[in-house]
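Asks: Model the following, please.
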Amino acid sequence: MARFSPAWHLNTAVAAALVLAGGIGAVIVTGRLVQDDAALAAYREAARCPAAPTVAAECRWSRQFTVTEIRHFKRRNQQNGVVLVAADGSRWETSYAADGPVFDHLSDGDRVTGTIWRGMVTEIAAVGATQETMNAPADLRKRYQVGAMILVPGLPLAVVAGGWWLVLLARRGRSTAGLHATLGLAPGLIVCGMFSPALAGESGDDPMTVVLIWAPMAVIATIVARVYVAYKRPGEGDEDAGTTPTVAGTGTAAS
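Replies: Numbering: from 1, shown residues only. Model (predicted):
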């Protein structure tokens, strides 16, 4: 019976991890999408509260606030913020994805009307305009489309190649150069996708723009993988991890 080397066990663990990660990732993304869609629908359908609730409620109600502690950031990875103070002295932290029609005009001491849902300020109104806070459920379908574009080409490829790697290693104790290249290409496609929204700048939420940036990088990654297989020396990547090497010219096992 073939004896499997430490390299066989390592390869098996890597392939199994890829398969497991693919399944977990798909479940998480699907569950988050369902959860976000349900929250958005509940928010849009929420009625006005007949009176101010004493606990977090599914209905929406309004309250007057005084603006204080304005935090204005220009960096993409930082969120603008404002502390709203109610008449009873309670402080409500709010953050905003962009300057918007209200935040950009706020000053300390200004008065705004806040919409409250589930115990959070989801919207503010002032200067004849309204603006949602980061607490408001957002329609993230475009972002999920971008996320799917990032994951779908590489993740299933990694899962299938990882599963096939497990089969080859279990049956023959060896893999192939083509399989090595595929398992390198799969995460490469995912990495290309992860960089694409950042390269798109302000259009990072637009699926078509991201695809136009991702496609050339994906083509280059695919060409690199193909070149790797084409120029791999015969026998490389096809090592039999389940047999004992022999001494060249003798046909006897190496001692």
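
Asks: by contact count, what packs against the helix or strand harbouring Ala230?
Replies: Assessed by DSSP states H and E, Ala230 sits inside helix 207-231. If contacts are counted by 3 or more C-beta pairs under 8 Å, 6 or more residues apart in numbering; DSSP states H and E, helix 207-231 sits against helix 141-151, helix 177-200. C-beta coordinates here come from the backbone N, C-alpha and C atoms, glycine included.

Asks: Could you identify the helix or strand that succeeds the shortest one?
Replies: It refers to helix 141-151. For helix 141-151, the succeeding helix or strand toward the C-terminus, using DSSP H and E, is helix 154-172.

Asks: Show me which residues of that following helix are buried.
Replies: 154-155, 157-159, 161-162, 164-166, 168-169 (16 or more other C-beta atoms under 10 Å).

Asks: for Thr115, which residues make a bridge with it?
Replies: Counting by DSSP bridges, Thr115 forms beta bridges with Ser62, Glu123.

Asks: Tell me which residues touch it, please.
Replies: Thr115 makes contact with 60-62, 121-125, according to C-beta atoms under 8 Å, 6 or more residues apart in numbering.

Asks: Please check those residues and keep the buried ones.
Replies: The buried subset of these (16+ other C-beta under 10 Å) comprises 60-61, 121-124.

Asks: show me where pLDDT drops low in the stretch 101-250 of the chain?
Replies: The stretch 101-250 of the chain contains residues with pLDDT under 70 at 139-142, 169-170, 172-175, 202, 233-250.

Asks: re the thing from before, distance to Val112 for the buried residues of helix 154-172 - can I get that in TSV?
Replies: Shown next, in TSV, are the buried residues of helix 154-172 (distance: C-beta to C-beta, whole Å):
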residue	distance to Val112
Gly154	45
Leu155	44
Leu157	50
Ala158	48
Val159	49
Ala161	54
Gly162	53
Trp164	58
Trp165	58
Leu166	58
Leu168	63
Leu169	63
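
Asks: one step back: now what about the helix holding Ala230, what contacts it?
Replies: Contacts for helix 207-231 (C-beta under 8 Å, 6+ apart): 142, 145-146, 149-150, 153, 177-178, 180-182, 184-185, 188-189, 192-193, 195-197, 199-200, 203-204.

Asks: any idea how far the spatially most central residue of the chain is from Glu45?
Replies: The centre of the chain sits closest to Gly147, judged by C-alpha atoms, centre = their mean, with a distance of 5.9 Å. For Gly147, the distance to Glu45 (C-beta to C-beta, to the nearest Å) stands at 26 Å.

Asks: cool, and Ala136?
Replies: From Ala136 to Glu45 the distance is 14 Å (C-beta to C-beta).

Asks: could I get stretch 62-69 in CSV with only the CA atoms?
Replies: The C-alpha trace of stretch 62-69 is given here as CSV (Å, rounded to 0.1, in the frame of the first residue of the first chain):
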residue,chain,number,x,y,z
SER,A,62,-39.6,61.9,15.0
ARG,A,63,-37.7,63.9,17.6
GLN,A,64,-35.9,67.2,17.8
PHE,A,65,-32.2,67.3,18.3
THR,A,66,-29.4,69.8,18.8
VAL,A,67,-26.2,69.3,16.7
THR,A,68,-22.9,69.0,18.4
GLU,A,69,-19.5,67.3,17.9
